[in-house]
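Novice: Quick one, fold the following:
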Amino acid sequence: MTTMLQSAPVTATQILAVGGARGDRVVPNEEIIGPINSSDEWIRQRTGIASRVYASNSVLDLAHEAAGDVLTKAGMSGADIDTVLVSTVTHFEQTPSLAALLASRIGAAPAPAFDISAACAGYCYGIAQADALVRAGTARHVLVVGVEKMSDFIDPTDRTISFLLGDGAGAAIVGPSEAAKIGPTIWGSDGGQASAIYQTHSWLDYRRAEMGQEVPETAETAEEVSTMESPTLRQQGPTVFKWVISTMPGIARRAVEAAGLELADIDVFVPHQANMRITDQLLKLLKLREDVVVGRDIADTGNTSAASIPLATERLLREGRARSGDVALQIGFGAGLVYAAQVVVLP
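Specialist: From the prediction side, this is the model:
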């Protein structure tokens, strides 16, 4: 019987560094309240957001900037990266993947690279995949990037989600460790609630449905397409709030238990930056220690979907509010509906 060789597995992994890049234009509430007939006070009370940031450069540029930041912090170059994972829902092209483009940009090619579409849980999905790849011996150093340019999908008149959104990228490098510093991931999905957060159909989708066939490419249709707006995001806020509050505390507890820890062991809590009210309610339900450090990057960065957890983590470390060696519980949740949580030791 022929026996095939296998890569030597690694028993434990760690996050070596966390980096980030934010949009370059600060957008205060006063700039967006007119079209949604709202007020600065209403937005602050409902979401905790005072401002958000939009980017003038591309989603690839944001990912590249965050990747450069984390590589510098880790003392590595692109050539040291074995695999590139990019979590995003705002890369317009189906192919090539944003990960492949990023791998080329940073000099990691021919490293395998692929995108992950898990919206606000995307970064935690990426950490789960990187952890598994390193432990299996398939890769040694994996770059995980959560990046979104949500401003490309904003309808200025939408009161359901657009006023929450911002642009940014967060990145981490996962590698082998002598002791386990990334706990098991508790993750899942509920596609039965897909309509809770969704993307509006494009003009082309409407026309195809209307005609029952492919839309012919003519000068007339090309002109019509050029005048149509891009798809935008919508959400059923009350539905999402109830789902998060009723489901995510249990997921968070399971992630802590899977890591062999108790909630009292958690030093830092970094939830997806969806809404400050959600963060406060999760804290209340989880009953974490009073001195636990909480990521609240949403206040002036906005909801950056897959980028929100690494950006909030990067900020806590950079500002000295969290320290290397702290035990952090991170949990992402959002469109899909999807979720993922894991306990990590901060780099």
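Novice: Report the separation between A130 and F114.
Specialist: 12 Å (C-beta to C-beta, to the nearest Å). All C-beta atoms are positioned from the backbone trio N, CA, C, and that covers glycine.
Novice: Give me the common contacts of those two.
Specialist: Residues touching both A130 and F114 (C-beta atoms under 8 Å, 6 or more residues apart in numbering): L85.
Novice: These two: which has the busier surroundings?
Specialist: Shown here are A130 and F114; by other C-beta atoms under 10 Å, A130 has more neighbours (25 against 14).
Novice: Put the alpha carbons of the helix or strand where the more buried one lies into PDB.
Specialist: Assigned by DSSP states H and E, A130 falls within helix 122-136. What follows is helix 122-136, C-alpha atoms only, in PDB (Å, rounded to 0.1, in the frame of the first residue of the first chain):
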ATOM      1  CA  GLY A 122     -15.600  38.100   7.800                       C
ATOM      2  CA  TYR A 123     -12.500  38.900   9.900                       C
ATOM      3  CA  CYS A 124     -13.300  36.200  12.500                       C
ATOM      4  CA  TYR A 125     -14.000  33.800   9.600                       C
ATOM      5  CA  GLY A 126     -10.500  34.700   8.300                       C
ATOM      6  CA  ILE A 127      -8.900  34.100  11.600                       C
ATOM      7  CA  ALA A 128     -10.600  30.700  11.800                       C
ATOM      8  CA  GLN A 129      -9.300  29.800   8.400                       C
ATOM      9  CA  ALA A 130      -5.800  31.000   9.100                       C
ATOM     10  CA  ASP A 131      -5.700  29.100  12.300                       C
ATOM     11  CA  ALA A 132      -6.700  25.900  10.600                       C
ATOM     12  CA  LEU A 133      -4.300  26.400   7.700                       C
ATOM     13  CA  VAL A 134      -1.300  26.900  10.000                       C
ATOM     14  CA  ARG A 135      -2.200  24.100  12.400                       C
ATOM     15  CA  ALA A 136      -2.600  21.700   9.400                       C
END
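Novice: Report the distance from the next helix or strand along the chain from it to the chain centre.
Specialist: Remark: after helix 122-136, the chain's next helix or strand is strand 142-149, criterion DSSP H and E. Centroid displacement of strand 142-149 relative to its chain, using C-alpha atoms, centre = their mean, to the nearest Å, is 7 Å.
Novice: Tell me what angle the helix or strand following strand 142-149 forms with helix 122-136.
Specialist: Counting by DSSP H and E, the element after strand 142-149 in chain order, helix or strand, is strand 167-176. If you take axes from the mean of the first three to the mean of the last three C-alpha atoms, to 10 degrees, strand 167-176 sits at 20 degrees to helix 122-136.
Novice: mean confidence for stretch 9-23?
Specialist: Over the span of stretch 9-23, the pLDDT mean works out to 95.
Novice: How many residues are close by the residue nearest to S58 when sequence neighbours are not counted?
Specialist: Once flanking residues are discounted, S58 sits nearest to K149: 7.1 Å by C-beta to C-beta, 6 or more residues apart in numbering. Neighbour count of K149, defined by other C-beta under 10 Å: 28.
Novice: Tell me which residues touch K149, please.
Specialist: Counting by C-beta under 8 Å, 6+ apart, K149 touches 55, 58-59, 62, 90, 167.
Novice: Strands along the protein, start to end?
Specialist: Under the criterion DSSP state E, the chain contains strands at 13-22, 25-28, 51-54, 83-87, 113-116, 142-149, 167-176, 186-189, 197-199, 233-235, 268-271, 293-294, 327-334, 338-345.
Novice: Show me where the stretch 1-150 of the chain dips below the pLDDT cut-off.
Specialist: Of all residues in the stretch 1-150 of the chain, none has pLDDT under 70.
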